[in-house]
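*Asks:* sequence first, predicted model second:
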Amino acid sequence: MDKPALLLTRPRDSAKRFAARLSKSALQDVSICISPLLEIDKCGEAPDVSRYDGAIFTSARALDFAPTLSNGIAFCVGAQTAQAAKAAGWQVEMVAQTADELVARMQGAKVTGRFVHLAGEHRRGQIAQRLTQAGMQVDVFTLYAQHLRPLSQDAQRMLAGEVPVIVPLFSPRTAAQFVDQAQDLRRVAVAAISPSVAEVFQGKLSKALHIAKAPTGEEMVRTVEMLLCGDRFP
């Protein structure tokens, strides 16, 4: 069987970083197309974070627009977000895999004070609302917008080709845009970061749909490498 192709739909810088994490053996003879379905634009000014007891980051992208604060306290969703926060000078107090886990752990630790959630225009989990209901004071500042973009002609040609195409997807919104844009899903195998992403594809794929064991970059790398190497691929 021909080696599958790989279609990456994250913003170009993120897509390149993800591809760089894949092993050389998995990528051998694999055609890669990068067709971002999201374009990131700054859309707001960051607040004076020194007025807060800590900041909440649910995406590493927010750190591209957030102010640096030496020894500022950060609560993060995702290991990559935590790494970006540390690189920006923040002291990471807590790292959770999901927004639900972060809310539960902050509540369980009886965290108190005034916090700011620095995020994108489209965000999930209602973190600020839930923590506010639990008695914390949490403000939200939108620092960037995520604009939907169409699939490129190169991506459409890849999907219309004769080899299976592996598509890693990291959010329900991007997954829905991919389904809306893709002209041919017959040879698509999706690596979904979570069940909520996988739900978008129910009844729409004739190939594989695999959900990462955990909603992390590491597990997405493992899932994509598994598919590229032909394991559990129909």
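*Replies:* Looks like it came in fine.

*Asks:* can we go C-alpha only for contacts and neighbour counts from here?
*Replies:* Noted.

*Asks:* for Leu131, give me its contacts.
*Replies:* Val103, Gln107, Gln137, Val138 (C-alpha atoms under 8 Å, 6 or more residues apart in numbering).

*Asks:* recalculate using a threshold of 6 Å.
*Replies:* Counting by C-alpha atoms under 6 Å, 6 or more residues apart in numbering, Leu131 makes contact with nothing.

*Asks:* same check on Val95?
*Replies:* The contact partners of Val95, by C-alpha under 6 Å, 6+ apart, come to Cys76, Val77.

*Asks:* would you say it is within a helix?
*Replies:* No. Going by DSSP: H, G, I helix; E, B strand; the rest coil, the assignment for Val95 is strand, not a helix.

*Asks:* can you give me the strands for the chain?
*Replies:* According to DSSP state E, the chain carries its strands in the segments 5-8, 32-34, 38-42, 54-57, 73-77, 91-96, 114-120, 137-148, 165-169, 188-192, 209-211.

*Asks:* hmm, Pro172 and Val197 touching each other?
*Replies:* Yes. Taking contacts as C-alpha atoms under 6 Å, Val197 lies within contact range of Pro172: 4.5 Å.

*Asks:* measure Asp13 to Ala119 for me?
*Replies:* For Asp13, the distance to Ala119 equals 18 Å [C-alpha to C-alpha, to the nearest Å].

*Asks:* between the two, who's got more neighbours?
*Replies:* Comparing Asp13 with Ala119 by neighbour count (other C-alpha atoms under 10 Å), the higher total belongs to Ala119, at 24 against 10.

*Asks:* can you pull the buried residues of the longest helix anywhere in the chain?
*Replies:* The longest helix of the chain (DSSP state H) is helix 217-228. For helix 217-228, a neighbour-count test (16 or more other C-alpha atoms under 10 Å) marks Gly217, Glu218, Met220, Val221, Arg222, Thr223, Val224, Glu225, Leu227, Leu228 as buried.
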